[in-house]
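Undergrad: Attaching a predicted model along with its sequence, questions to come.
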Amino acid sequence: MAFIKPWRDFKRMQDVALVAASLIYVGAVINAFQVLPGGSDLIAQRTLIWPGVFLFLSMVLPLLVPWLKRMLARYVWLSFQAGFGQTAFSVITGVGLLAGAALFIYWQVGAVAHGGRYPAAVFSGYAAGIGILAAQAVLVRALELQPPIRKFIEEPS
């Protein structure tokens, strides 16, 4: 199957957003192990174990619960129709949002040194967002297989 360029760009942007968010998270975890107090066990629990649960649930539930799957698939399709990942502006906006989230995580981790709260929630929230991005990447591929959608995204023969 050959797809139209806007669909290929959209699909690529979904994948790039997932990879970029994951790399940002890895960097934040490495930073947390260098900066946060409490020892490796506590840091692993708050940056890897609990966030891993949230990532798993936010990725799997939208793929297994029918009404969540329909809702997220509709969102993915509407995002394509709105042009996400197909223009320089939308790519810059997406990267800007990821960068903003990364700065927020680093700020939260850095604030601990000045008496701030332990940033466990920010890691779990960001991991849940990565789970949603992963579910979207899966749904992009599922949408390609649906005949009504495929007629819009396939290259004319």
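TA: Yes, it's here.

Undergrad: okay, CA-based contacts and neighbour counts for the rest of this
TA: Noted.

Undergrad: In three-state terms, label Pro37 for me.
TA: coil (DSSP: H, G, I helix; E, B strand; the rest coil).

Undergrad: roughly how far is the helix or strand encompassing Arg141 from the heart of the chain?
TA: Arg141 belongs to helix 120-144 when assigned by DSSP states H and E. Chain-centre distance of helix 120-144: 4 Å, with Cα atoms, centre = their mean, to the nearest Å.

Undergrad: Can you list the neighbours in contact with that helix?
TA: 11, 14-15, 17-18, 21-22, 25, 46-47, 50-52, 54-60, 62-63, 72-73, 76-77, 101, 105, 108, 149-150, 153 (Cα atoms under 8 Å, 6 or more residues apart in numbering).

Undergrad: From these, list the buried ones, please.
TA: 11, 14-15, 17-18, 21-22, 25, 46-47, 50-52, 54-60, 62-63, 72-73, 76-77, 101, 105, 108, 153 (16 or more other Cα atoms under 10 Å).

Undergrad: Give me the subset of the residues you listed that lies in helices.
TA: 11, 14-15, 17-18, 21-22, 25, 50-52, 54-60, 62-63, 72-73, 76-77, 101, 105, 108, 153 (DSSP state H).
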